[in-house]
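*Asks:* build the 3D model from these lines:
(one chain, ligands or ions: 2)
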Amino acid sequence: MPALQTGLFFGSFNPVHIGHLIIANFMATQTPLDEVWMVVSPQNPLKPKKSLARDYDRLHLVQIAIEDNPQLRASDIEFGMPKPSYTVDTLAYLKEKYPSRDFTLIMGGDNLATLHKWKNFEHLLAEHQIFVYQRPEYSLGELSGHPHVHLFEAPMMHISASYIRNCLKHGHSVRYLVPEPVFRYLEKTPLYQ
Ligand SMILES: Nc1ncnc2c1ncn2[C@@H]1O[C@H](COP(=O)(O)OP(=O)(O)OP(=O)(O)O)[C@@H](O)[C@H]1O
Ligand SMILES: O=C(O)c1ccc[n+]([C@@H]2O[C@H](COP(=O)([O-])O)[C@@H](O)[C@H]2O)c1
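*Replies:* Ligands and ions are numbered 1, 2, ... in the order given. Presented below is the predicted three-dimensional model:
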């Protein structure tokens with residue numbers, strides 16, 4: 001049987017928003033990938049931990065955002081691993097745990113531009129394909145010419161989790177910026193006030 005092609009979309013998802021979901025769905029339906037796992041990172045090595053909601057709250061928001069889509073899955077694989085989360089270590093663990101899957105990394109052009117700062121990025125690139133969606137406001141950097149880097153033009157929303165947290169902090173509505181179940185959950189449970 002051919003290996004299942006699984007895309008890994010890593011992020012803090014603090015909180016998940018429609019910009020993330022548009023990318024996950026695009027990659028699951030318009031590329032050779034069979035499915036996309038949204039991997040919730042407890043701590044990004046290059047970002048401050050400040051204003052980060054608890055791991056399981058962020059995971060729950062991703063779960064309720066995608067529960068009706070069989071091609072998308074929320075993953076807590078990094079919760080039990082050493083912090084901060086280095087992607088190369090997570091991939092080594094996943095490869096061992098799921099030998100019948102091929103894992104491809106999904107990232108935005110902004111992340112590709114700083115990939116040379118990631119732990120063992122040469123190994124990451126040698127072992128895995130990377131599907132990159134272009135973000136018009138960022139240049140791609142030197143690694144965009146690597147044979148394992150594949151560029152895609154996906155629909156893009158100009159929003160970020162920081163913008164959403166800021167709206168919530170000031171009591172502004174985030175309706176339609178996040179999926180409806182996430183909006184309803186955040187109304188009842190003020191994670192970012
Ligand atoms: N609007 C968007 N469209 C496409 N990709 C996005 C968008 N916002 C974030 N991403 C990408 O999604 C991944 C996970 O992002 P992350 O969880 O850090 O969200 P963020 O919205 O960038 O958060 P923050 O504003 O807190 O930095 C990253 O690779 C990031 O580049
Ligand atoms: O492995 C690394 O060295 C590394 C350095 C920076 C970021 N990452 C991962 O990349 C993911 C997306 O990063 P970001 O900055 O867009 O939130 C996040 O899950 C991080 O754990 C990984």
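
*Asks:* so which residues of this protein form helices?
*Replies:* Along the chain, counting by DSSP state H, helices occupy 18-30, 55-66, 87-97, 109-114, 121-127, 161-169, 180-188.

*Asks:* can you flag the weakest of those helices by average pLDDT?
*Replies:* Of all the helices of the chain, helix 109-114 carries the lowest average pLDDT, namely a mean of 92.

*Asks:* so which other helices or strands are in contact with that helix?
*Replies:* Helices and strands touching helix 109-114, by 3 or more C-beta pairs under 8 Å, 6 or more residues apart in numbering; DSSP states H and E, are strand 130-133. To be clear about C-beta, it is placed using only N, CA and C from the backbone, and glycine gets the same treatment.

*Asks:* who's in contact with the strand it packs on?
*Replies:* Residues outside strand 130-133 that contact it (C-beta atoms under 8 Å, 6 or more residues apart in numbering): 7, 23, 26-27, 31, 33, 104-109, 112, 124, 140, 144, 146, 148-154, 156.

*Asks:* what does the protein put close to ligand 2?
*Replies:* Neighbours of ligand 2 within the chain, by C-beta under 6 Å from any ligand atom: 10-12, 41, 44-47, 85-88, 111, 118-119.

*Asks:* quick one: which of these sit in strands?
*Replies:* Secondary structure assignment by DSSP state E places 10-11 of the residues of the chain next to ligand 2 in strands.

*Asks:* on that earlier part again, of the contacts of strand 130-133, select the buried ones using a ChimeraX command.
*Replies:* Filtering the contacts of strand 130-133 down to the buried ones (16 or more other C-beta atoms under 10 Å) takes a single ChimeraX command:
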select :7,23,26,27,31,33,104,105,106,107,108,109,112,124,140,144,149,154,156
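
*Asks:* now, the contacts of strand 130-133 that are in strands?
*Replies:* Judged by DSSP E, strands contain the following of the contacts of strand 130-133: 7, 104-108, 149-152.

*Asks:* Throw the residues you listed into TSV and include distance to H172, thanks.
*Replies:* Output for the ones in strands among the contacts of strand 130-133, formatted as TSV (distance: C-beta to C-beta, whole Å):
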residue	distance to H172
G7	33
T104	37
L105	34
I106	30
M107	29
G108	25
V149	38
H150	37
L151	35
F152	32
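
*Asks:* and of those, the nearest to ligand 1?
*Replies:* Of all these, ligand 1 sits closest to G108, with 3.5 Å by C-beta to the nearest ligand atom.
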